[in-house]
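**Student:** here are the coordinates; sequence isn't available:
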């Protein structure tokens, strides 16, 4: 463990992480692939120790009355750890995402040519709440892209995080790379070290992951670039032509993300032309699946057993099996409400009209829009290149998904022709 007695000590440690990232890049893609395979093996070999430490963390968290949702995120299972190892191996087999060349957008002069090449950011930090396995997944994404990584987990997962870190460092030692490729700020180093992290100019990007309060706090306090993640408060617009079966599947499936239903549909905007009986049938289906159902005043007459919404409900994530329904006049009104109130990372439409689906995608400012398909978030998707920590409302190179592309940038190279 690195001793960080002063801010100068911390800045020196960050510089060591940056130097380690240079060594990691210089080692080459094949060495990085071997390292990722070694990390996967180390996680599997430490499975019993990780689960034992996790049990101790869970017992301590129960004594501290940690919220049930956070306990769900904290509780590891053999399946979650095995999925983590699979993700690491898939990243190992993926190959090097760096070095891709792009033509320069324009010639500066006849005597100068240029191109852009994909390179790592340098030093990336993950500030996360519970989710112990995210340390290993973030390590996989960072090692694959050639970035140094700083981890700051929550106190609830302190013992689990420490055992996972030991597994990561064991793998790094095995391959002969410096341990400072990954630096973890421990519980003993406390909130002071986190404050240093949020202000240190040597950190190129901070990714906060957890409840909205944590993410917003990091955004407010950080003096370095932040990529805020988002969770919950996703909207579905049920158009007049949308089919009940489609809407039902989209809602239920979106809540099946484990252990964190990042893109769970929590708000449904219903077109005035939708059948009241279809809406009532959907409510009964949700009740049968142990959902809580809310509705705005315009729908309460059709849904007499449903609780009324409050004004604040539309802008806050429930992060539970709760769905609120609201009545809207048309696609424009739905998009306006979504743009104003949703988290902005993933919203959806159910429609049989192509033109309306296209109009919805143009009007909504969501990072990702889903048309007639579940927005369910999958951390280990079919395509290895799409492996992601979570989602963000920021659009651009990340496309809503916090994965490999989020940890890369383009370096422009200009070359004289004479």
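**Tutor:** Yep, that arrived. Bear in mind that the values here come from a model prediction, so they are computed numbers and not experimental data.
**Student:** which stretches of the stretch 51-200 of the chain form strands?
**Tutor:** 101-103, 112-120, 123-128, 148-152, 182-185 (DSSP state E, counting those that start in this stretch).
**Student:** closest to residue 19 out of those?
**Tutor:** The closest of the strands of the stretch 51-200 of the chain to residue 19 is strand 148-152. By Cβ to Cβ, the value is 8.3 Å. Every C-beta, even on glycine, is put in place using the N, C-alpha and C of the backbone.
**Student:** can you name every helix or strand that the closest one contacts?
**Tutor:** helix 7-27, strand 123-128, helix 134-145, strand 182-185, helix 190-199 (3 or more Cβ pairs under 8 Å, 6 or more residues apart in numbering; DSSP states H and E).
**Student:** and of those, who's closest to residue 76?
**Tutor:** helix 134-145 (10.9 Å).
**Student:** the closest one to strand 112-120, inter-axis angle?
**Tutor:** Orientation of helix 134-145 against strand 112-120 (axes from the mean of the first three to the mean of the last three Cα atoms, to 10 degrees) gives an angle of 150 degrees.
**Student:** can I get the strands of the stretch 51-200 of the chain in a markdown table with mean pLDDT?
**Tutor:** As requested, the strands of the stretch 51-200 of the chain are arranged in a markdown table below (pLDDT from 0 to 100):
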| stretch | mean pLDDT |
| --- | --- |
| strand 101-103 | 69 |
| strand 112-120 | 84 |
| strand 123-128 | 97 |
| strand 148-152 | 96 |
| strand 182-185 | 93 |
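**Student:** could you dump those strands to CSV with distance to residue 240 and mean neighbour count?
**Tutor:** Converted to CSV, the strands of the stretch 51-200 of the chain look like this (distance: least, Cβ to Cβ, whole Å; neighbours: other Cβ atoms under 10 Å):
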stretch, distance to residue 240, mean neighbour count
strand 101-103, 44, 11
strand 112-120, 45, 16
strand 123-128, 42, 26
strand 148-152, 48, 27
strand 182-185, 52, 24
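**Student:** would you list the ones you listed in CSV and tack on distance to residue 333?
**Tutor:** As requested, the strands of the stretch 51-200 of the chain are exported to CSV (distance: least, Cβ to Cβ, whole Å):
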stretch, distance to residue 333
strand 101-103, 40
strand 112-120, 41
strand 123-128, 37
strand 148-152, 42
strand 182-185, 46
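**Student:** out of these, which comes closest to residue 249?
**Tutor:** Among the strands of the stretch 51-200 of the chain, the nearest to residue 249 by Cβ to Cβ is strand 123-128 (30.7 Å).
**Student:** all strands of the stretch 301-418 of the chain, in order?
**Tutor:** Going by DSSP E, counting those that start in this stretch, the stretch 301-418 of the chain shows strands at 307-308, 322-328, 346-350, 368-371, 388-391, 401-403, 408-416.
**Student:** show me what contacts residue 416?
**Tutor:** 111-112 (Cβ atoms under 8 Å, 6 or more residues apart in numbering).
**Student:** by mean pLDDT, flag the weakest helix or strand of this protein.
**Tutor:** Across the helices and strands of the chain, the lowest-confidence element by mean pLDDT, DSSP states H and E is strand 101-103, at a mean of 69.
**Student:** doesn't residue 149 make contact with residue 20?
**Tutor:** No: contact criterion Cβ atoms under 8 Å: residue 20 and residue 149 do not qualify, at 9.5 Å.
**Student:** circling back to that earlier point, I'd like the helices and strands packed on strand 148-152 as CSV, with distance to residue 417 appended.
**Tutor:** Output for the helices and strands packed on strand 148-152, formatted as CSV (distance: least, Cβ to Cβ, whole Å):
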stretch, distance to residue 417
helix 7-27, 28
strand 123-128, 35
helix 134-145, 32
strand 182-185, 42
helix 190-199, 43
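**Student:** specify the stretch among those that is closest to residue 385.
**Tutor:** Residue 385 sits nearest to helix 134-145 of all the helices and strands packed on strand 148-152, at 10.1 Å, using Cβ to Cβ.
**Student:** helices or strands next to that closest one in the packing?
**Tutor:** Applying 3+ Cβ pairs under 8 Å, 6+ apart, one finds that helix 134-145 makes contact with helix 29-45, helix 78-94, strand 123-128, strand 148-152, helix 158-175, strand 182-185, strand 388-391.
**Student:** residues contacting the residue lying closest to residue 87 once chain neighbours are set aside?
**Tutor:** Spatially, and ignoring its direct neighbours in sequence, residue 87 is nearest to residue 380 (5.2 Å; Cβ to Cβ, 6 or more residues apart in numbering). Shown in contact with residue 380 (Cβ under 8 Å, 6+ apart): 83, 86-87, 90, 387.
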